[in-house]
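Undergrad: Just to be clear, the model below is a prediction. Sequence and coordinates:
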Amino acid sequence: MLGVLPKYKQYLLVIKQMKLIGYWITSLRDQVYYPPQEFVLNSPPEWQALVANYLDNGEVFEVYRGSPWCRFSCGYSNSNMGYRDLSDGYFVWPDNLSHYVRDHNVQLPQDFIQHVQSGTPPIPKESWALDRDVTYWQDWCRTHVSDNFRNRLQAALNEANIRAKSIIDKVVLEMETVTGLADSCCIWKGCSNRALDGAVLCARCVIKGNEDHYVWEVYHPAPVLMMPLVRVG
C-alpha cells in the first residue's frame, strides 16, 4: 500500500520524467528560453537562502564541457558558474542556478518552492528517471515573461539580423575578390550566382551552413540583457 512506502518511493510510482528548471536564453535567436531578468522579485532573504542552499545540495545528474556565463554580466567568474546539471530526483537544474537565486533574487516556479519547503527527501540517484521534462520550464517562463522584454529582444534580433547580413555580404565579396569568379554558374540547386574561379560553388554556397562562424557575436544577448528594464503598469 502507498501509505507504508517511504515518501520518495510513493513518488516513484508516478514520476516518469524529472522537471528541468533554470535554463536561460543563449542567443537573440533563442526561441526556447528567456532572460532571468524577467523573473526578478523582492523575495525574503530567508526564502533566498533556503532555496539557494537546496539547489547547492543537489546531486550530479550530468557533466558538460566548458562553462556558462551569468546573464546579468555581474562580474561573477565564468569558472564559478559550473558545468553540471544537479538533481534531487524530482527536478533538474544547472548548478549555477543558486547564484541567480542568491545574488540576483530570481524567482522560480511556486511548486518547486513548495517542494523545497515540504522537506520531501530526495529520490536516491539509482532510482532517478532518465528523461527530462523541458516543456515544464518553457511553459512556466512563457506565462511569466512580459511583452516589454519580448519587444526589446525582438528589436535586438531585428538589428542583429541586419548586421549579420552585412557581415556575410562582406565575407562573400572578399572571397569573390580574392578568388575571382568563374564563367559558369554555381551548381547548388536553385542558385544562379557565378561560381568561384576553379570551383563549382559560389561564395555564398561555400559558407552555407557555417554562417554562425562569422556572425555568432552579433546574436550574443549580453548587451540587451544589461540594459535596464523599465516595467510599465
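TA: Now that the structure is in, tell me what you want to look at. Numbers count the residues shown, from 1 in each chain.
Undergrad: I figured residue 101 hits residue 54, correct?
TA: No - using CB atoms under 8 Å as the test, residue 101 is too far from residue 54 to be in contact (9.3 Å). Every residue, glycine included, has its C-beta placed from N, CA and C.
Undergrad: Between the two, which is the more surrounded one?
TA: Per other CB atoms under 10 Å, whichever of residue 101 and residue 54 has more neighbours is residue 101, with 24 against 20.
Undergrad: Could you check how far the more buried one is from residue 157?
TA: Separation of residue 101 from residue 157 (CB to CB, to the nearest Å): 28 Å.
Undergrad: got it, and residue 67?
TA: In this view, residue 67 and residue 157 are 25 Å apart by CB to CB.
Undergrad: Between those two, which has more neighbouring residues?
TA: Using other CB under 10 Å, the more surrounded residue of residue 67 and residue 157 is residue 157, with 18 against 13.
Undergrad: what residues are up against that one?
TA: For residue 157, the contact set (CB atoms under 8 Å, 6 or more residues apart in numbering) comprises 28, 29, 219.
Undergrad: Which one of those sits in the busiest neighbourhood?
TA: residue 28 (23 neighbours).
Undergrad: List the contacts of that residue.
TA: Residues counted as contacts of residue 28 (CB under 8 Å, 6+ apart) are 153, 156, 157, 160, 219, 220, 221, 224.
Undergrad: Any chance of the contacts of residue 157 in JSON lines with pLDDT, secondary structure and distance to residue 144 as columns?
TA: As requested, the contacts of residue 157 are exported to JSON lines (pLDDT from 0 to 100; DSSP: H, G, I helix; E, B strand; the rest coil; distance: CB to CB, whole Å):
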{"residue": "28", "pLDDT": "90", "secondary structure": "coil", "distance to residue 144": "20"}
{"residue": "29", "pLDDT": "90", "secondary structure": "coil", "distance to residue 144": "21"}
{"residue": "219", "pLDDT": "90", "secondary structure": "helix", "distance to residue 144": "24"}
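Undergrad: For stretch 90-109, buried residues please.
TA: Neighbour counts using 16 or more other CB atoms under 10 Å place 90-102, 104-109 of stretch 90-109 among the buried residues.
Undergrad: Kindly report the same for stretch 27-34.
TA: Across stretch 27-34, burial judged by 16+ other CB under 10 Å covers 28, 30, 33, 34.
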